[in-house]
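Q: Whatever this is, show me its structure:
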Amino acid sequence: MSLLKQIYNYYFSKDKQFTHRLRGITGFIPANLGLYKLAFFHKSTSSQKGGYAIQNNERLEYLGDAVLGTIVAEYLFKKYPNSNEGFLTKMRSKIVKRKSLNQIGDKMGLDVLLAEYNNTRLSRSMLGNAVEALVGAIYVEKGYNRTKRYVINNILRRYLDIHELEVTDDNFKSQLLEWSQKNGHTVAYKVLARYKFEKRDRFKVAVLVDGEKVGTADDFNKKSAEQIASERALSQLGIKSNNPVPVA
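A: Okay, here's the model as predicted:
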C-alpha cells in the first residue's frame, strides 16, 4: 500500500510538485503527504482546509526536537569515544541550538516550502522549527533507524563542519554566566514584553547583571532573544568586541 501511495504521490497527485521537492530534500518519495505538509504549516497561519492543514507543526516540532537530540547524542558518543560528558554536551548544544538549525533550514531550501504553506512573513526561527518538524515527520513514517541515517547523512555531514564547531563558542548566554560566576556577579533574564507582530508572538528580553539592565533584545523565540541580549551585554561590559547582533 505504501508503494502505491508513493507512486500516486509522485506521478498523479495534485501535490506532485510538493512530492518532487520533498524527494530532493529527503531522498525518498513520501507516502503520507499530509504529514509532511503539516511539518511546514506554522501556527501563525490560519486556514480552514481539511485534514492536517487546520493544525500546525508544533507537535511534529516537539517530536523532532527529541529525536534529533537523541540522534546527535548517539552520533557524538560514537565519534568521540574518549571525550568526557561536558564536551559531548557542549557539542550537542552547538548542533541543535536554534541558530544552527536556522542555518541548516536555510541551506536545505525549506524557505520555499514554508512560503507556500504560510501567509505570514517568514523568520529565520521558522526555518529551524521546520527542520525539527521534518525530522519528526520522517520519524513517524520511517521509524528511528531510517531517520537516524537521514539526519547523519543529509544534515550532520552535509551542512555542518563538525571540526569547526569543536573550536567555536557563540553561546553568549553561557559565556556571560561563566564570567559572572568567576567574578562574583549575578545574572538574570527578564521578559519585558510579549506582543504580537505579524500574527506571531514576539519577546522583548532584558539581561540584568547585579540587578542592572545591561542588554535587551527582541525576537520571535525567547531563547534567541536571550542570546542576542547576552551578546550585547558582553559588548557593553567590555568582555568582547563591540559587534551587536541585528534584530531578527
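
Q: pLDDT wise, what is Lys90 at?
A: With respect to pLDDT, Lys90 scores 89.

Q: Make 505 the first number, not 1, from now on.
A: All right, first residue 505 from here; so that's Lys594.

Q: Give the burial count for it, as a bare number.
A: By other CB atoms under 10 Å, the residues close to Lys594 number 17. In this view, the C-beta of every residue, glycine as well, is placed from N, C-alpha and C.

Q: hey, which helix is longest across the protein?
A: helix 562-583 (DSSP state H).

Q: CA atoms only: put that one into PDB for me.
A: Taking C-alpha atoms only, helix 562-583 is exported to PDB below (Å, rounded to 0.1, in the frame of the first residue of the first chain):
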ATOM      1  CA  GLU A 562       4.200  22.300  16.800                       C
ATOM      2  CA  ARG A 563       3.600  18.700  17.700                       C
ATOM      3  CA  LEU A 564       5.900  17.400  15.000                       C
ATOM      4  CA  GLU A 565       8.500  20.000  16.000                       C
ATOM      5  CA  TYR A 566       8.300  18.700  19.600                       C
ATOM      6  CA  LEU A 567       8.800  15.200  18.400                       C
ATOM      7  CA  GLY A 568      11.600  16.100  16.000                       C
ATOM      8  CA  ASP A 569      13.400  18.000  18.700                       C
ATOM      9  CA  ALA A 570      13.500  14.900  20.900                       C
ATOM     10  CA  VAL A 571      14.500  12.600  18.100                       C
ATOM     11  CA  LEU A 572      17.200  14.900  16.700                       C
ATOM     12  CA  GLY A 573      18.700  15.400  20.200                       C
ATOM     13  CA  THR A 574      18.900  11.600  20.600                       C
ATOM     14  CA  ILE A 575      20.500  11.000  17.200                       C
ATOM     15  CA  VAL A 576      23.000  13.800  17.700                       C
ATOM     16  CA  ALA A 577      23.900  12.500  21.200                       C
ATOM     17  CA  GLU A 578      24.500   8.900  19.800                       C
ATOM     18  CA  TYR A 579      26.500  10.300  16.800                       C
ATOM     19  CA  LEU A 580      28.800  12.300  19.100                       C
ATOM     20  CA  PHE A 581      29.100   9.400  21.600                       C
ATOM     21  CA  LYS A 582      30.500   7.200  18.800                       C
ATOM     22  CA  LYS A 583      32.500   9.900  17.000                       C
END
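
Q: Residues in contact with that helix: which ones?
A: Applying CB atoms under 8 Å, 6 or more residues apart in numbering, the contact partners of helix 562-583 are 539, 542-543, 547, 587, 592, 595-596, 599-600, 633, 635-641, 643-644, 648, 651-652, 655-656, 660, 666.

Q: Filter these down to the buried ones, ChimeraX style.
A: Of those, the buried ones go into a single ChimeraX selection, burial set by 16 or more other CB atoms under 10 Å:
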select :539,542,543,547,592,595,596,599,600,633,635,636,637,638,639,640,641,643,644,651,652,655,656,660
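
Q: Now, the contacts of helix 562-583 that are in strands?
A: Assignment to strands by DSSP state E places none of the contacts of helix 562-583 there.

Q: So which of the contacts of helix 562-583 are in helices?
A: Among the contacts of helix 562-583, the members found in helices (DSSP H) are 539, 542-543, 592, 595-596, 599-600, 633, 635-641, 643-644, 648, 651-652, 666.

Q: And His546, what's its pLDDT?
A: On pLDDT, His546 comes in at 85.

Q: And it, how close does it get to Gly528?
A: 21 Å (CB to CB, to the nearest Å).

Q: More neighbours: which of those two?
A: Taking other CB under 10 Å, His546 and Gly528 do not tie; His546 has more neighbours (23 against 10).

Q: which residues touch the more buried one?
A: 560-561, 618, 621-622, 624, 630, 633.
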